[in-house]
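> Pasting the sequence and the predicted coordinates here, then a few questions.
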Amino acid sequence: MFFIIYVSSATHPFTNAELLELLTKCRDNNTRLEVTGMLLYKDGNFMQVLEGEEATVRALYAKVERDPRHGGVITLLQGHGEERQFPDWSMGFRDLNSPEAIATPGYSEFLNTPLTGEACLADPTRCQKLLLSFKKSR
């Protein structure tokens, strides 16, 4: 199973309606492509993990890099794993500014870390742990 974890910055702050629209499209597309993952959003920044067949994930990631709704796409971690980390999620999602997300156990460890490339590149495995902590809290 191949995965890519990346961060990016939105070209403008997303409204809840825009996030819902993005999530709906991601879920439909990912289900069709047999891609799973998690998308986090905070303060205009995204962190996402995509996992699936390598060629499919790489092609989807290339499309993500060209998406005009965000820029500054930085790959944090990529590789192969024995199994999916998000097997039942066509695209899990958390808005890290929501009260629900803030109440998630383990969230406070990351409260002061922005989802920017500079902050995340320092420790990509920490970013992977963040994504997994929200999976477990679901």
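Looks like it came in fine.
> give the contact list for residue 73.
Neighbouring residues of residue 73 by CB atoms under 8 Å, 6 or more residues apart in numbering: 6, 7, 8, 64, 65. The C-beta positions use only the backbone N, C-alpha and C, and glycine is treated the same way.
> would CSV of these with distance to residue 84, neighbour count and secondary structure be doable?
Below are these laid out as CSV (distance: CB to CB, whole Å; neighbours: other CB atoms under 10 Å; DSSP: H, G, I helix; E, B strand; the rest coil):
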residue, distance to residue 84, neighbour count, secondary structure
6, 17, 23, strand
7, 21, 25, strand
8, 22, 22, strand
64, 19, 18, helix
65, 22, 13, helix
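> Show me where the protein has its strands.
Assignment of strands within the chain using DSSP state E yields the ranges 2-10, 36-42, 45-52, 70-80, 92-95.
> hey, which helix is longest across the chain?
Counting by DSSP state H, the longest helix found in the chain is helix 16-33.
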